[in-house]
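S.K.: what follows is a predicted structure for the sequence shown.
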Amino acid sequence: MVERDKNHPSVLFWSLGNESGYGANHDAMAGWIRAYDPGRPLHYEAALWNTPTGNITNPRYDMNSGAHVTDIVCPMYPTIERIIAWALDESHPDRTRPLILCEYSHAMGNSNGSLGEYFDLFETLPGVQGGFIWEWIDHGIQQQTADGRKYWAYGGDFGDTPNDLNFVCDGFVWPDRTPHPGIFEYKHLAQPVKLSGFNQKTGVLTLKNKQFFNTLDWIRGGWELTVNGISRAKGALPPLTAAPGKEQKIMLKLPAVPMEPGDEAFLNFRYFAAKATNWCKAGHEIGWDQATLKAAAPQKKKVAHLPLTAPLILEKKKDSFEVKSDLLDLRASTKTGCIETLRWKGRDLLVSGPQLQIWRGPVDNDGIKGWTGQGSKPLGKWLAAGLDKLVLKQTAARSSQNEEGNVTLSFEHVGSCATSAKGIVHRHSYEIRDTGEILAENEFVVAGELADLPRLGVMLTLLPGFENLRWFGRGPLENYCDRKRSSMAGLFESTVTAQYIPYILPQEHGNHTDTRWLTLDDGKTGLKIKAIGPLEFSASHFTAHDLHAAFHTYDLTPRSEVVLNLDFRQRGLGTGSCGPDTRDPYKIQPGTYRWNYILQPF
């Protein structure tokens, strides 16, 4: 290989192989190459395996070993903590080799959790230079069903045995090179220019040139000031001139924009190619950044107009509580503990809900659902615990009306599963106000037996037709608690159908974090959800169980109803299909959680 490829300038260093064990033959190869081509460094990951039992699935890495055959410290899929420990360890005399991850952030399905935290290390720790994401493309072959539906086929779809099912569908792009949402996280983190800071008082903007060889003169930039996601002012940045690795300070004169108490203002920056390059056209978007601005001093709040002109009437019936006014009609079942009718101006919105939801369509990083031997993975533990078959039993239903006329309906559900008869207690109440708002207050008590839940929230099912979606939060692409650096806060519009992400193996998708509010409507009537504290959501025509049961996109048939998931928190994505699991800060552990939001029909 060395003799064949020695004159290719794209070859930066030689590899002695991949996942090939380690022995005397590798020492011999390294010695021969160093004598023959001393100008290129060597790479060999298996030289870091410090015991005969080390291997790719359980590498017992000694990241200070192997210097006689590898000039690079090149582990596969190390944890964040392991990299930090290596970088800060000054006890080893050999500190001359850089650390470059030969594989990390396994991009299988909905993945790449904590990618931003890896980049933090690349940009701050000495010697930690970066790594290679595995990998670029999903390896699937397009086929179609008897009725003409196209899909991507994978291992086992051709009668081939043995096979690894979808394990080679592990790229940043689909087989036709359509980008996965995760690649935009990488694009943002790897962009050549970065916002270092913005001083709102002085108007000084600081940008850093992350390149090592080029100035920023090939990039032009622009800014936009938004309030509650609505553009209020915009302009161009002056010429960008920062030298490689240096910062550039720019004075911005922003217009005075009036704001009300509670308004949120952001300064968004976008960067474009100023001219055509050998890889992009002029005007191609290179990257983006966002700075949060402090709001103006609070002023006296305006009194909201009351949409209800008739008082609320509470009726207690045999199997239900009913609350009525001139515009609002709500019925909650005392048997199921769910709201089963929500009518606004005579138009129905709801099939049922809110109801406790802890399950998700498992992502590949939770566990490969078609494989055996997944008992130690999160999915294996969840299935063993019976989280996919959680049984809800209502244990309390109460109603009351206060002197102001507001009605409160309170319920308690106990969720039982294979490992706990009282795994989750969900206490939830709904204060129906004379403004038409419904304050939903929730308390979740998660038992110790149910560590590390897929999600914690509620599910509502809306009637068919509520297809129009708007939200103020992170977007426009899906984002998760450990993969949201690239998602700016803003006002976005979409449809429920467009939220579907056709991962080759169907799985959880379409989540949005840091949501302030969202609306669903059918063009005439709608439902608004306003956050009080944390709120994540997804709107879909599939339930979590639909996604879990499907092994190909053709296994999914969209429901006509709208499935709205409102989450206090959803577990992060991690990269556990071939790498570290989701980090602890992004898991949902046992304990008591309190979480509120507001429902507002309109």
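M.R.: Sure, I can see it.
S.K.: from here on, just use CA atoms for contacts and neighbour counts.
M.R.: Fine.
S.K.: okay, and the beta partners of Arg343?
M.R.: For Arg343, the beta-bridge assignment (DSSP bridges) gives partners Asp329, Asp348.
S.K.: hang on, I meant Thr495
M.R.: Asn468.
S.K.: start at 24 instead
M.R.: In the new count, where the first residue is 24, that last one comes out as Thr518.
S.K.: what's across from Val227 in the sheet?
M.R.: Note on Val227: beta-bridge partners by DSSP bridges are Asn222, Met274.
S.K.: right, and it touches Lys272 too?
M.R.: Yes - with contact defined as Cα atoms under 8 Å, Val227 reaches Lys272; the gap is 6.4 Å.
S.K.: low-confidence ranges, this protein, go.
M.R.: For the chain, the stretches flagged by pLDDT under 70 are 73-83, 116-117, 319-329.
S.K.: over to Phe289. Which of the three states is it?
M.R.: Following DSSP: H, G, I helix; E, B strand; the rest coil, Phe289 is assigned to strand.
S.K.: what separation is there between it and Asp312?
M.R.: Distance, Phe289 to Asp312, by Cα to Cα, to the nearest Å: 10 Å.
S.K.: can you show me the helices along the stretch 74-223 of the chain?
M.R.: Counting by DSSP state H, counting those that start in this stretch, the segments of the stretch 74-223 of the chain that form helices are 103-111, 138-147, 205-213.
S.K.: now distance to Leu263 and mean neighbour count too, for the ones you listed, in a markdown table please.
M.R.: Formatted as a markdown table, those follow (distance: least, Cα to Cα, whole Å; neighbours: other Cα atoms under 10 Å):
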| stretch | distance to Leu263 | mean neighbour count |
| --- | --- | --- |
| helix 103-111 | 33 | 14 |
| helix 138-147 | 21 | 17 |
| helix 205-213 | 18 | 19 |
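S.K.: do a quick rundown of the helices in the chain.
M.R.: Remark: helices assigned in the chain by DSSP state H are 25-28, 47-59, 103-111, 138-147, 205-213, 401-408, 567-572.
S.K.: let me know the angle separating the fourth one from helix 103-111.
M.R.: In this case it means helix 138-147. On the basis of axes from the mean of the first three to the mean of the last three Cα atoms, to 10 degrees, helix 138-147 is oriented at 0 degrees to helix 103-111.
S.K.: can you give me the end-to-end span of stretch 64-72?
M.R.: End to end - Cα to Cα - stretch 64-72 spans 19 Å.
S.K.: show me which positions of that stretch end up buried.
M.R.: Residues of stretch 64-72 classed as buried by neighbour count (16 or more other Cα atoms under 10 Å): 64-72.
S.K.: distance check, the residue nearest the centre of the chain against Asp607.
M.R.: The centroid of the chain falls nearest to Tyr503 when counting by Cα atoms, centre = their mean (2.0 Å). Distance check for Tyr503 against Asp607: by Cα to Cα, it reads 14 Å.
S.K.: need the helices of the stretch 74-223 of the chain in TSV (columns: distance to Trp55).
M.R.: Below are the helices of the stretch 74-223 of the chain laid out as TSV (distance: least, Cα to Cα, whole Å):
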stretch	distance to Trp55
helix 103-111	30
helix 138-147	32
helix 205-213	36
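S.K.: so for Ser33, which of the ones you listed sits nearest?
M.R.: Among those, helix 205-213 comes nearest to Ser33, with 20.5 Å by Cα to Cα.
S.K.: domains in this protein, by residue range?
M.R.: Split into domains by automatic domain parsing, the chain comes to 25-156, 209-316, 336-624.
S.K.: and the ones you listed, which is most packed in?
M.R.: Highest mean neighbour count of the domains of the chain: domain 336-624, a mean of 19 (counted as mean count of other Cα atoms under 10 Å).
S.K.: regarding it, how distant is the last residue from the first?
M.R.: Using Cα to Cα, the end-to-end distance of domain 336-624 comes to 18 Å.
S.K.: chain center to that domain, what's the gap?
M.R.: Centroid separation between domain 336-624 and its chain, computed with Cα atoms, centre = their mean, to the nearest Å, is 16 Å.
S.K.: any chance of the domains of the chain in CSV with distance to Asp170 as columns?
M.R.: Formatted as CSV, these follow (distance: least, Cα to Cα, whole Å):
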stretch, distance to Asp170
domain 25-156, 26
domain 209-316, 37
domain 336-624, 10
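S.K.: compare those and give me the one nearest Asp193.
M.R.: Among these, the nearest to Asp193 by Cα to Cα is domain 25-156 (3.6 Å).
S.K.: mind checking the end-to-end distance for that closest one?
M.R.: Chord length of domain 25-156, first to last residue, is 25 Å (Cα to Cα).
S.K.: swap in stretch 330-345?
M.R.: End-to-end span of stretch 330-345 (Cα to Cα): 19 Å.
S.K.: do you know which of the helices of the stretch 74-223 of the chain lies nearest Leu570?
M.R.: With Cα to Cα, the closest approach to Leu570 among the helices of the stretch 74-223 of the chain belongs to helix 205-213: 19.3 Å.
S.K.: re the thing from before, wait, doesn't the residue nearest to the centre of the chain sit right on Leu596?
M.R.: Yes - assessed by Cα under 8 Å, Tyr503 is found in contact with Leu596 at 7.2 Å.
S.K.: can I get the buried residues of stretch 64-72 in CSV including distance to Tyr127?
M.R.: Below are the buried residues of stretch 64-72 laid out as CSV (distance: Cα to Cα, whole Å):
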residue, distance to Tyr127
Pro64, 21
Leu65, 19
His66, 16
Tyr67, 15
Glu68, 13
Ala69, 15
Ala70, 18
Leu71, 16
Trp72, 17
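S.K.: among these, name the ones in strands.
M.R.: In strands, defined here by DSSP state E, the members of these are 65-66.
S.K.: count the neighbours of Lys317 for me.
M.R.: When neighbours are counted by other Cα atoms under 10 Å, Lys317 registers 12.
S.K.: quick check: the gap between the nearest residue to Gly471 once chain neighbours are set aside and Leu406.
M.R.: Nearest non-adjacent residue to Gly471, counting by Cα to Cα, 6 or more residues apart in numbering: Pro613, 5.2 Å away. For Pro613, the distance to Leu406 (Cα to Cα) stands at 17 Å.
S.K.: quick one, which of the helices of the chain is nearest to Ile447?
M.R.: Closest to Ile447 of the helices of the chain is helix 401-408 (Cα to Cα; 12.6 Å).
S.K.: packing partners for the closest one?
M.R.: Here helix 401-408 touches no other helix or strand, going by 3 or more Cα pairs under 8 Å, 6 or more residues apart in numbering; DSSP states H and E.
S.K.: just the residues contacting it, thanks.
M.R.: 385, 389-390, 392, 397-398, 411, 440-442, 473, 475-476 (Cα atoms under 8 Å, 6 or more residues apart in numbering).
S.K.: sorry, back to before: Ser600: which of the helices of the chain is closest?
M.R.: Smallest distance to Ser600 across the helices of the chain (Cα to Cα): 10.5 Å, for helix 401-408.
S.K.: follow-up on the earlier one: any idea how far the residue nearest to Gly471 is from His307?
M.R.: Computed as Cα to Cα, the Pro613 to His307 distance reads 47 Å.
S.K.: again, but for Gln623
M.R.: Distance, Gln623 to His307, using Cα to Cα: 41 Å.
S.K.: and Glu490, by the same measure?
M.R.: Counting by Cα to Cα, the gap from Glu490 to His307 is 32 Å.
S.K.: could you do Lys257 as well?
M.R.: With distances taken as Cα to Cα, Lys257 is found 19 Å from His307.
S.K.: same check on Ser33?
M.R.: Going from Ser33 to His307 by Cα to Cα gives 25 Å.
S.K.: please apply the same query to Arg493.
M.R.: For Arg493, the distance to His307 (Cα to Cα) stands at 27 Å.
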